[in-house]
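# just a sequence and a predicted model for now, questions to come.
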Amino acid sequence: MRSLFYFLILLIAYGSFYPFNVQWLGVQSDRVALLLNFSFLNSSLSDLISNIVLFIPFGLVFSHAFPDKSLAKQTLKCIGLRFAVAYLIQVGQLWTPDRIPWGGDAIW
């Protein structure tokens, strides 16, 4: 089950970086400002729905791959790891000109 969980993380990253147009040039300050913007209330409905649908399998597989006796602990771990994965994807998007890094995406 853990291998499915890691595969799911790779699948989410693949979908987030496709078509892999990466430029290793300097990072623009306006893109960093967007990354540090966690104002998620300004997002579109389609962005909200796509992020929720994208991470529903993440939570389901996480609960089976890393079982915990305490539901509260397991939920907090899942939320923390999901935020970390989503934010790392946003950081990686600093170097993709077709994608816009945005901190609010990590919250959804």
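Arrived safely.
# could you find the closest non-adjacent residue to the most centrally placed residue in the chain?
Geometric centre of the chain, nearest residue: Ala86, 1.8 Å, by Cα atoms, centre = their mean. Using Cβ to Cβ, 6 or more residues apart in numbering and skipping the chain neighbours, the partner closest in space to Ala86 is Ala106 (4.0 Å). Any C-beta I mention is one placed from the backbone N, CA and C, and that applies to glycine too.
# how about Leu25, what does it touch?
Trp95 (Cβ atoms under 8 Å, 6 or more residues apart in numbering).
# which parts of stretch 3-18 are buried?
Phe5, Leu8, Ile9, Ile12, Ser16, Phe17 (16 or more other Cβ atoms under 10 Å).
# just checking, the fourth one touches Leu54?
Yes. Counting by Cβ atoms under 8 Å, Ile12 touches Leu54, with 6.1 Å between them.
# re earlier: looking at the buried residues of stretch 3-18, spot the one nearest Cys78.
Phe5 (10.7 Å; Cβ to Cβ).
# distance-wise, check that closest one relative to Ser44.
29 Å (Cβ to Cβ, to the nearest Å).
# can you tell me the element the residue nearest to the centre of the chain falls in?
If you go by DSSP states H and E, Ala86 is part of helix 71-92.
# give me the contact list for that helix.
With Cβ under 8 Å, 6+ apart, helix 71-92 has contacts from 9, 12-13, 16-17, 35, 51, 55, 58-59, 62-63, 66-68, 101-103, 105-107.
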